[in-house]
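Sharing a sequence plus its predicted fold:
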Amino acid sequence: MVELDIKIEAGDLYDYLLMHNYNSAAGVLGSAVGAMLILFAVATERWAFVALGVVLLLYMPWTLFVKSRRQVLSNPSFQKPLHYLLSDEGITISQGEESLQYRWEEMYKAVSTGRSIIVYTTRVNATIFPKRQMGDKTASVIEMISVHMPPGKVKIRS
């Protein structure tokens, strides 16, 4: 059993949003089209396409940055730390009087970024464990996830 108190900050949410969006077909396609427009502009000396390519490449990170800041400021659940309990049954998340439990078999997948361990509860919803807040419990969290979720659903790099 592992217990953690985590306060999600805008940078943590931004890290999740970047990873989630750039690992989707739309994120990859948008980046590829932006890069191709820049290459096209250089090859043909049609410099207007450079601007369009740069806009395509910078639009998503900027909007995700703004969205993460706005969401952290406006969503009451981000104002106080969340209490996490990882047990053999699953992950229990509580804050104040509210509590929610996800069973391990319900989890969609688990991934890591340089900043976080992310456990998806659905294809789009996730629990974010920022590494800087987990401290010495990081290895225990990774072990709990790896033991209780099928290996094909776990893509965590240490």
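The structure has been received and is ready for your questions.

So Ala26 belongs to a strand, correct?
No. With DSSP: H, G, I helix; E, B strand; the rest coil as the criterion, Ala26 is helix rather than part of a strand.

where's it relative to His20, distance?
Per C-beta to C-beta, to the nearest Å, Ala26 is found 11 Å from His20. C-beta here means a position set from N, CA and C on the backbone, and glycine is covered the same way.

Those two: which is more packed in?
His20 (18 against 10; other C-beta atoms under 10 Å).

Okay, and that one sits in which element?
Using DSSP states H and E, His20 sits within helix 10-22.

Now that helix: buried residues?
10-21 (16 or more other C-beta atoms under 10 Å).

Local confidence estimate at Phe49?
pLDDT, Phe49: 86.

All the strands of the chain, residue numbers only.
With DSSP state E applied, the chain shows strands at 2-6, 82-86, 90-95, 98-103, 109-112, 116-120, 126-130, 154-155, listed in chain order.

export those strands to TSV and tack on mean pLDDT and mean neighbour count?
Converted to TSV, those look like this (pLDDT from 0 to 100; neighbours: other C-beta atoms under 10 Å):
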stretch	mean pLDDT	mean neighbour count
strand 2-6	93	16
strand 82-86	94	19
strand 90-95	93	17
strand 98-103	92	12
strand 109-112	94	19
strand 116-120	95	22
strand 126-130	94	22
strand 154-155	92	14
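
Of all the ones you listed, which one comes closest to Arg70?
Among these, the nearest to Arg70 by C-beta to C-beta is strand 126-130 (16.8 Å).

The closest one: partners in the sheet, and parallel or antiparallel?
Paired strands of strand 126-130, with direction, are strand 116-120 (antiparallel) (DSSP bridges).

where's the partner strand relative to the chain centroid, distance-wise?
Computed by C-alpha atoms, centre = their mean, to the nearest Å, the chain-centroid distance of strand 116-120 equals 6 Å.

quick one on the thing from earlier: just curious, which of the buried residues of helix 10-22 is nearest to Lys155?
For these, the nearest to Lys155 is Met19 (11.0 Å; C-beta to C-beta).
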